[in-house]
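Visitor: predicted model follows, preceded by the sequence.
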Amino acid sequence: MYIDGTRIDHQGGPWSDCQLVNGTDDPGAAGEMGLWGLHDKGTTGTRLMVANPEPDVAYGMVTLTDGHRIKATTITVPGTTYRAWAAPVPDGQTIASVDQYDNHHHRLTHDTNWR
């Protein structure tokens with residue numbers, strides 16, 4: 001991770017990544033999603049599904065192949081325009097789908113490209 005060009009994570013390990021923000025504004029396009037983990041993006045180890053959703057997304061729902069569902073509410077980082085949701089994916093579990101919903105529980109997106 002870098003702040004003003006200075007690396008602050010001297011180990012530079014697998015979690016050393018971030019999304020850039022410009023002051024209190026998020027210059028990136030909304031709609032990004034990623035699966036982050038310590039052991040690649042397979043089914044082993046701790047993983048997080050993280051999204052920087054569109055403005056109308058109230059929450060994300062990760063459905064695992066065993067039928068278990070993990071709900072993650074969208075939050076705005078205080079003092080910024082940056083919005084995100086994050087859901088922990090248990091060790092050994094496989095993602096069947098990731099859906100995003102609005103405040104009225106209408107499904108806005110459906111993605112089956114994660115595992």
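Guide: Sure, I can see it.

Visitor: which residues sit against stretch 57-65?
Guide: 49, 51, 53, 69-74, 83, 85, 87, 89-90, 93-103, 108-109 (C-beta atoms under 8 Å, 6 or more residues apart in numbering). From N, CA and C alone the C-beta is placed, and that goes for glycine too.

Visitor: again, only this time at 7 Å
Guide: 49, 51, 69-74, 85, 87, 89, 93-103, 108 (C-beta atoms under 7 Å, 6 or more residues apart in numbering).

Visitor: ok, stretch 104-112 next?
Guide: Taking C-beta under 7 Å, 6+ apart as the rule, stretch 104-112 contacts D56, V57, A96, S97, V98, D99, Q100, Y101, D102.

Visitor: where are the low-confidence patches of this structure?
Guide: Counting by pLDDT under 70, the chain has low-confidence residues at 1-23, 26-29, 38-43, 115.

Visitor: excluding covalently adjacent residues, which one is nearest to the residue nearest the centre of it?
Guide: Centroid-nearest residue in the chain, with C-alpha atoms, centre = their mean: V50, separated by 0.6 Å. In this structure, V50 finds its nearest non-sequential neighbour in A86, 4.6 Å apart by C-beta to C-beta, 6 or more residues apart in numbering.
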